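Visitor: okay, sequence plus prediction incoming.
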Amino acid sequence: MRMYDIIMKKRSGGELTKEEIAYFIEGYTKGEIPDYQVSALMMAIYFQKMTQQETLALTMAMADSGDRLDLSEIHGVKVDKHSTGGVGDKTSLALAPMVAACGISVAKMSGRGLGHTGGTIDKLESFPGFTTSLTTDRFIENVNRIGIAIMGQTADLAPADKKLYALRDVTATVDNLSLIASSIMSKKLAAGADAIVLDVKTGSGAFMKQEKDARALAEEMVKIGANAGRKTVAVISDMDQPLGYAVGNALEVKEAIDTLKGKGPEDFVELCLTLGSQMLMAGGKAEDSEAAEAMLKAVISDGSALRKLAEFVEAQGGDSQAVYHPEMLPKAAIVQPVPAPESGYVSHIVCDEVGLCSLILGGGRETKDSEIDLSVGLVLCKKVGDYVEAGEPLAVIHANDPSRAAEASERYRRACSITAEKPEKVPLIKGIVRYVQ
Ligand code: URA
């Protein structure tokens, strides 16, 4: 078999066999097939797409490209959660402690930022000393002791996805249904949880801009999960504007902490309650979503979810004092408002542009090896449907470089549309997908 022929076959719209897929995944994982050939194949897949059979074969080949975690030593049902990626999506930071405080074991593998979207690991590294490089033994020990552990993708777990993820990030080949579905599900299957709750984003800040594509992605992933014997459910949620107000690593951590103190933004709280309910139901802790929501609200109001976050940060080497004193988190030197050019209602915010503003400020990677600045980002002052007076701030930029601040400000202003009429409110939750035979 030759990689050249595989690229050519896909470029011409052919269907790759299981063997061809296994060949390129194995060769790429071992370093025998170079980045440039795999980049070409990713671009061919991007344009020609993959069938369901190819997507399943790609998922399984990536899940088997390294070890699979054996979580049988963890007591009870292990629940994992994964988002397809969004802007201001700090959900895991608040949700994992909420669910763990309700008695569910959260054994989660997370990723770094991808394209215009942020990643949970980068955000967690805002806590001084925090590490997601855990050995399997420590991962299991932490879940058994405190109910949560989040680890980064090790060299042993779905290593093919780890390499492909970083390559797709810098070759504009992220937003393809099969590549996203196989990337997420290969990690989830290798990471060994019994139940998987997926947050599939749709809108201008998501990889799936159209709701029908997000639904197709949700259905594909739920089917793959069911095929592999995992209880899988997908929530389709709006990402046509940033989630909450904060965008940028440390800024999002602060907003997640506020949420655990009961002072979270309405949309973010709604999403945490919806996903959290699915996790509690999948883990057998609640009969229905009303009972689950009541449990989740209780762990916020009695402070146990916030304490759980502190325990989790401490258990992974971080300074848990930052949970109670968020002013210890990285801070940017320049904090400047973006004034509204006119009065009216904010009718639309081009959400991926907001993610790119954070990237321009240094909050994301431009190449595989870029260092990121955890302190920078934006905090929105107005969301879609809010009224703004000319000159009032639309958002506040947090930067460490004046020229980057100016560029991000201008870009943010252009990303916002202001109209005389108040726009209609769109629902945050667009549907829930479960496997039906
Ligand atoms: N999240 C992932 O883990 N992979 C993708 O391809 C997109 C989002």
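Guide: In hand now; what should we look at? Numbers count the residues shown, from 1 in each chain.
Visitor: element containing the residue in the chain that the ligand sits nearest to, please.
Guide: Closest contact between the chain and the ligand, by CB to the nearest ligand atom, is at Ser183 (3.5 Å). In short, each C-beta sits where N, CA and C put it, glycine included. Using DSSP states H and E, Ser183 falls within helix 177-191.
Visitor: the inter-axis angle of the next helix or strand after that helix versus helix 177-191?
Guide: As assigned by DSSP H and E, the chain's next helix or strand after helix 177-191 is strand 195-202. Interaxial angle, strand 195-202 versus helix 177-191 (axes from the mean of the first three to the mean of the last three CA atoms, to 10 degrees): 160 degrees.
Visitor: pull up the pairing partners for strand 195-202, direction included.
Guide: Counting by DSSP bridges, the strands paired with strand 195-202 are strand 78-83 (parallel), strand 231-238 (parallel).
Visitor: pLDDT averaged over it - what is it?
Guide: Strand 195-202 carries an average pLDDT of 96.
Visitor: report whether it contacts the ligand.
Guide: No: under the criterion of CB under 6 Å from any ligand atom, the ligand is not reached by strand 195-202; the shortest gap measures 9.2 Å.
Visitor: and the helix or strand just after that strand, what does it pack against?
Guide: Following strand 195-202 in sequence order, the next helix or strand is helix 211-227 (DSSP H and E). The contact analysis (3 or more CB pairs under 8 Å, 6 or more residues apart in numbering; DSSP states H and E) places helix 211-227 against helix 52-63, helix 177-191, strand 195-202, strand 231-238, strand 429-434.
Visitor: verify the stated contact: Glu366 with Leu359.
Guide: Yes: between Glu366 and Leu359 there is a contact under CB atoms under 8 Å: 7.3 Å.
Visitor: the ligand contacts on the stretch 101-250 of the chain?
Guide: Gly111, Leu114, Tyr165, Val174, Leu179, Ile180, Ser183, Ile184.
Visitor: quick one: the residues you listed as JSON lines, columns for pLDDT too.
Guide: Listed next are these as JSON lines, based on pLDDT from 0 to 100:
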{"residue": "Gly111", "pLDDT": "76"}
{"residue": "Leu114", "pLDDT": "71"}
{"residue": "Tyr165", "pLDDT": "89"}
{"residue": "Val174", "pLDDT": "90"}
{"residue": "Leu179", "pLDDT": "97"}
{"residue": "Ile180", "pLDDT": "95"}
{"residue": "Ser183", "pLDDT": "95"}
{"residue": "Ile184", "pLDDT": "93"}
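Visitor: now render those as JSON lines, adding neighbour count.
Guide: Shown next, in JSON lines, are those (neighbours: other CB atoms under 10 Å):
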{"residue": "Gly111", "neighbour count": "25"}
{"residue": "Leu114", "neighbour count": "22"}
{"residue": "Tyr165", "neighbour count": "22"}
{"residue": "Val174", "neighbour count": "20"}
{"residue": "Leu179", "neighbour count": "23"}
{"residue": "Ile180", "neighbour count": "22"}
{"residue": "Ser183", "neighbour count": "26"}
{"residue": "Ile184", "neighbour count": "25"}
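Visitor: can you pick out the most distant pair from those residues?
Guide: Gly111 and Leu179 (13.7 Å; CB to CB).
Visitor: for Arg411, which non-adjacent residue is closest in space?
Guide: Take Arg411 and drop its neighbours on the chain: the residue closest to it by CB to CB, 6 or more residues apart in numbering is Cys357, 5.2 Å away.
Visitor: briefly note if the helix or strand harbouring that neighbour comes near the ligand.
Guide: Secondary structure assignment for Cys357, by DSSP H and E: helix 351-358. No: using CB under 6 Å from any ligand atom, we find that helix 351-358 stays clear of the ligand, coming within 12.9 Å at best.
Visitor: how distant is that helix from the center of its chain?
Guide: 15 Å (CA atoms, centre = their mean, to the nearest Å).
Visitor: equivalent analysis for stretch 321-328, please.
Guide: Its chain's C-alpha centre and that of stretch 321-328 lie 23 Å apart, by CA atoms, centre = their mean.
Visitor: quick check: Asn249 touching Ile121?
Guide: No: contact status for Asn249 versus Ile121: not in contact, 9.8 Å apart, counting by CB under 8 Å.
Visitor: more crowded one of the two?
Guide: It is Asn249, of Asn249 and Ile121, that has more neighbours when counted by other CB atoms under 10 Å, with 30 against 22.
Visitor: which residues touch the closest residue to that one other than its chain neighbours?
Guide: Closest residue to Asn249 apart from its sequence neighbours, by CB to CB, 6+ apart: Leu374 at 4.3 Å. The contact partners of Leu374, taken as CB atoms under 8 Å, 6 or more residues apart in numbering, are Asp122, Glu125, Ser126, Asn249, Ala250, Leu329, Pro330, Gly363.
Visitor: tell me the SS of Ala166?
Guide: helix (DSSP: H, G, I helix; E, B strand; the rest coil).
Visitor: that one: neighbour count?
Guide: Using other CB under 10 Å, Ala166 has 18 other residues around it.
Visitor: tell me how far it lies from Gly364.
Guide: 13 Å (CB to CB, to the nearest Å).
Visitor: kindly report the same for Glu255.
Guide: According to CB to CB, Glu255 stands 18 Å off from Gly364.
Visitor: next one: Lys422
Guide: 33 Å.
Visitor: settle it for me: which of the two has more neighbours?
Guide: Of the pair Lys422 and Gly364, Gly364 is the one with more neighbours under other CB under 10 Å, namely 27 against 14.
Visitor: how much space is there between the more buried one and Ile349?
Guide: For Gly364, the distance to Ile349 - CB to CB - is 18 Å.
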